[in-house]
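Trainee: Turn this into a model:
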Amino acid sequence: MSIELILGYPVFWGKYPECLKELTSSIEMSTRPLNLACLNPHSFEVACKDSLFQTALKQADFLIPDGVGIVIASKILGGNISERITGSDIFSGLSNSLNEIGSYRYFFLGSTEEILAKIKIRLAQDFPDIVFAGAYSPPYKAEFSKEDSRKMIEAVNAAKPDVLWVGMTAPKQEKWIYQHKDKLDVKFIGAVGAVFDFYVGNVKRSHPVFQKMGLEWMPRLLQEPKRLWRRNFVSNPLFLLRVLQQRFMGKS
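Mentor: Predicted coordinates:
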């Protein structure tokens, strides 16, 4: 797998089809839970103040460049990352690949009962050869108790899925996966945040034109200004400053 260090984080730098091929073959040959996480300027800045989150990102088996800021950083630092790969891209592309193979089992952890029910219906329509093995909506809280985590792990393992999709937002989902993945009897775990909402249309992704231009954040900011203003007007500039310091002063 092609890896490039961005301020100390091992980020995948291949093209999207290459990433999907690598993921599919890895899942087919998996003998332990492999996990995927997304890196963007905001998650980087949050991880600077959260050591567990930082470790979870750096220890992920696949860390994808989910943000145009990572692509820009790579260019400034003389790297090879030429395109962003989002959690939505991975969910859609990997599901297409596994649907063609057939008989793979999915479990969805996170979100609400209502969203999970909608995912079950749409998955059957879009990917009929993927089995919806189950879903679990954990309690909505900042941190899970040991009992919460025990119930989540038991729900997943009882369903015997091959793939576990976790949609609990960052950094909670990445930290939970890092702390518990060795207890999960799955082949692959994808931390995909808001993808559950995107998939059922609860939150709309930006038009493909904005995605291709690297401006997907703009329409989303207008949709959810209170939630997204900080990552766009605080985290992104701070991240760019760190990249420039690394490029010209050797600091990270």
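
Trainee: What number of neighbouring residues does residue 15 come out with?
Mentor: Other residues near residue 15 come to 12 when the count uses other Cβ atoms under 10 Å. No exception for glycine: its C-beta is placed from N, CA and C like everyone else's.

Trainee: so what's residue 171 up against?
Mentor: Neighbouring residues of residue 171 by Cβ atoms under 8 Å, 6 or more residues apart in numbering: 43, 46-47, 50, 52-53, 56.

Trainee: Tell me where the stretch 1-150 of the chain has strands.
Mentor: Counting by DSSP state E, counting those that start in this stretch, the stretch 1-150 of the chain has these strands, from start to end: 3-6, 9-12, 34-39, 62-65, 104-110, 130-136.

Trainee: separation between the residue nearest the centre of the chain and residue 89?
Mentor: Among the residues of the chain, the one closest to the centroid is residue 192, at 3.4 Å (Cα atoms, centre = their mean). With distances taken as Cβ to Cβ, to the nearest Å, residue 192 is found 10 Å from residue 89.

Trainee: ditto for residue 107
Mentor: Separation of residue 107 from residue 89 (Cβ to Cβ): 20 Å.

Trainee: go on, residue 53?
Mentor: Taken as Cβ to Cβ, the span from residue 53 to residue 89 is 22 Å.

Trainee: Compare these two (neighbour count), which wins?
Mentor: Set side by side, residue 53 and residue 89 show more neighbours around residue 53, with 21 against 18, by other Cβ under 10 Å.

Trainee: Report pLDDT for that one.
Mentor: Model confidence at residue 53, given as pLDDT, is 98.

Trainee: Likewise for residue 11?
Mentor: So, for residue 11, pLDDT stands at 98.

Trainee: So it sits against residue 39, correct?
Mentor: Yes - contact criterion Cβ atoms under 8 Å: residue 11 and residue 39 qualify, at 5.8 Å.

Trainee: Find the residues that touch each one of the two.
Mentor: Contacts common to residue 11 and residue 39, judged by Cβ under 8 Å, 6+ apart, are 63-65, 70.

Trainee: hmm, back to that, can you redo the strands of the stretch 1-150 of the chain as TSV with distance to residue 95?
Mentor: Formatted as TSV, those follow (distance: least, Cβ to Cβ, whole Å):
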stretch	distance to residue 95
strand 3-6	25
strand 9-12	19
strand 34-39	13
strand 62-65	16
strand 104-110	8
strand 130-136	6
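
Trainee: Which parts of the stretch 151-252 of the chain are helices?
Mentor: Ranges of helices in the stretch 151-252 of the chain, per DSSP state H, counting those that start in this stretch, are 172-180, 195-200, 208-212, 217-223, 225-230, 236-249.

Trainee: How much space separates residue 15 from residue 9?
Mentor: Distance of residue 15 to residue 9, computed by Cβ to Cβ: 19 Å.

Trainee: Burial check on residue 250, number of neighbours?
Mentor: Per other Cβ under 10 Å, the neighbour tally for residue 250 reads 7.

Trainee: Then residue 189?
Mentor: For residue 189, the neighbour count with other Cβ under 10 Å is 28.

Trainee: go on, residue 28?
Mentor: By other Cβ under 10 Å, the residues close to residue 28 number 14.

Trainee: need the contact list for it.
Mentor: Residue 28 makes contacts with residue 101, as judged by Cβ under 8 Å, 6+ apart.

Trainee: Low-confidence ranges, the chain, go.
Mentor: Along the chain, segments meeting pLDDT under 70 span 203-234, 251-252.

Trainee: cutoff 90 now
Mentor: Scanning the chain for pLDDT under 90 picks out the ranges 1, 67, 142, 169, 202-237, 248-252.

Trainee: Residue 4 pairs with what?
Mentor: residue 11 (DSSP bridges).

Trainee: just checking, it touches residue 71?
Mentor: No - between residue 4 and residue 71 there is no contact under Cβ under 8 Å: 11.0 Å.
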